[in-house]
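1. Let's see this in three dimensions:
(one chain, ligands or ions: 1)
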Amino acid sequence: MNGSRILSGSRLLVREIMNCLQLLTQAPGEELVLTNEPAAFFKKYARGRCAVFTGRKSVEASGTWDEFSTAVPQSERFSGIEPEPCVETVERMTAFLDAGNYDTVFAIGGGSVLDAAKAAFLVHQTKIPLQELFGVNMYSQKFPGKDLARIIAVPTTSGTGSEATQYSNIVDHNAGVKKLIAEAQCVPLAGCVVPRYTNSMPRDVTLATGCDALAHLLEGFLNVRADSNHPEGNTWALAGIRLVKEFLPGALVNDPCAREKMAIAAALGGMTIRFKSTGLPHLCSFSWFGRIAHGIAAIMLLPESWRYYLGNPAVAERTMLLSEIFPGHTPEAVIDSFRAFLTELGVPEKLKEFPDLSPELMERTACSAGENKMKLELAPRPVPVEESRFILQNILLKSYGE
Ligand SMILES: [Fe+2]
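-> Down below sits the predicted model:
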């Protein structure tokens, strides 16, 4: 997409977006492209035998599949990947790759498709069982310097930012939990963000994925203790937060220009959490799959988590940098203003409005999340392990509405 298509926001915003897009393409050996004409991208990366992973129906409905298969007629497709993909699905995808001797793997779909493709390609190449790859850099720590082939990602929602991250979330139904692979070799080799592919998202998906993107951007921005991980992390986050504030309302009524800005914001969110990880909202909502949309859960836990973070003066200071986006003269007022924005979008006030959530689940979550010592320690305001149950319970029950 050339600059003229983007020249529709305020001047300051335009300059920031252009700077960010330049930065997004600067990771050595990787490419993140923003275009509404992706055929050349598809052809460029379609080397040798190509496997393509897709979700259920939306790739047909949106015309994405026709466009891709015309550009890459030699591809073989595995479709039907479900939202919140599970271990068994990744195993079937791995078997598909094992049987096909493919040179290139494309993933076209929402974050679920991209995440599952990352996991399947990792298992296929390493022959390490999936269960042994959950955790942080489980492959690359064992085999430093042994680079793997990586997927080519084409997102069709504007939320997870999976096109720019090392993360893959997979549900383990036997254990009743979602598990995370955070593996440097899972960052896609190339991502192609095609804003018009998101046009077919219904309103509820647009809202939930938009909230997920906003949660990534805000959690990353507030993560003051990870500032040194990348010099541009906060610039990406701030630009993305501005975009969501200005354009998520328009995306909800299907304005194509707003859709385009949200696609950029989601990619910026992915870039942000690649270097500045999410905090307590994502930790606490991690295993609520099937009960509430992921993005809605994360964003609804943010205000109370943020109020806890304010005990760190550096977070209070960082919060005031958001006061021009979420107006307020104090950090508390900025959070209130942020929450008012969510209310305008139609995000419920309290988690108790979701029938599959309960005070008992909040209690259980406070215990299970309290076992993730690394995440507690790395939070913008660390959570002492011995007090974790009390602190997390407080955040969860207040967000629930008890
Ligand atoms: Fe998320």
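
2. Let me know the next secondary structure element after the helix or strand that S112 is a member of.
-> Assigned by DSSP states H and E, S112 falls within helix 111-126. Counting by DSSP H and E, the element after helix 111-126 in chain order, helix or strand, is strand 135-136.

3. List the buried residues for the helix or strand in which K43 is found?
-> Taking DSSP H and E as the definition, K43 sits inside helix 39-45. Neighbour-count burial for helix 39-45, counted by 16 or more other Cβ atoms under 10 Å, picks out F41, F42, Y45. C-beta: built from backbone N, CA, C; applies to glycine.

4. now swap in stretch 342-354 and tell me
-> Here stretch 342-354 shows L342, L345, V347, L351, K352, F354 as buried, counting by 16+ other Cβ under 10 Å.

5. now, which of these sits nearest Q125?
-> F354 (39.1 Å; Cβ to Cβ).

6. neighbours around K398, how many?
-> 18 (other Cβ atoms under 10 Å).

7. Not counting sequence-adjacent ones, nearest residue to it?
-> E304 (4.7 Å; Cβ to Cβ, 6 or more residues apart in numbering).

8. Based on its surroundings, how many neighbours for the one you found?
-> Around E304 there are 21 residues (other Cβ under 10 Å).

9. host element of it?
-> helix 294-309.

10. Report the buried residues of that helix.
-> Neighbour-count burial for helix 294-309, counted by 16+ other Cβ under 10 Å, picks out 294-306, 308-309.

11. Which neighbouring elements make contact with the helix holding K43?
-> helix 64-71, strand 104-109, strand 190-193 (3 or more Cβ pairs under 8 Å, 6 or more residues apart in numbering; DSSP states H and E).

12. which residues in the stretch 301-402 of the chain form strands?
-> With DSSP state E, counting those that start in this stretch as the criterion, the stretch 301-402 of the chain has no strands.

13. Where does pLDDT dip in it?
-> Across the stretch 301-402 of the chain, nothing is flagged by pLDDT under 70.

14. ok, of the buried residues of stretch 342-354, which one's closest to A116?
-> Looking across the buried residues of stretch 342-354 and measuring by Cβ to Cβ, the closest to A116 is F354, at 25.4 Å.

15. what's the burial count for the nearest residue to K43 once chain neighbours are set aside?
-> Closest residue to K43 apart from its sequence neighbours, by Cβ to Cβ, 6+ apart: A71 at 5.4 Å. Residues near A71, counting by other Cβ under 10 Å, number 16.

16. pLDDT at A71, what is it?
-> As predicted, A71 sits at a pLDDT of 96.

17. So it versus E260, what's the distance?
-> 21 Å (Cβ to Cβ, to the nearest Å).

18. tell me the SS of the residue most central in space within the chain?
-> Residue closest to the mean C-alpha point of the chain, counted by Cα atoms, centre = their mean, is T160 at 2.2 Å. Secondary structure state of T160, per DSSP: H, G, I helix; E, B strand; the rest coil, is coil.

19. Doesn't A175 belong to a helix?
-> No - A175: not assigned to a helix; according to three-state DSSP it is coil.

20. returning to that earlier point: need the winner for burial among the helices and strands packed on helix 39-45.
-> Comparing the helices and strands packed on helix 39-45 by mean neighbour count (mean count of other Cβ atoms under 10 Å), strand 104-109 ranks first with a mean of 27.

21. Partner strands of that one, with direction?
-> In the sheet, strand 104-109 lines up against strand 50-54 (parallel), strand 152-155 (parallel) (DSSP bridges).

22. Any idea which of the ones you listed gets closest to T235?
-> So among those, strand 152-155 is nearest, using Cβ to Cβ, at 21.6 Å.
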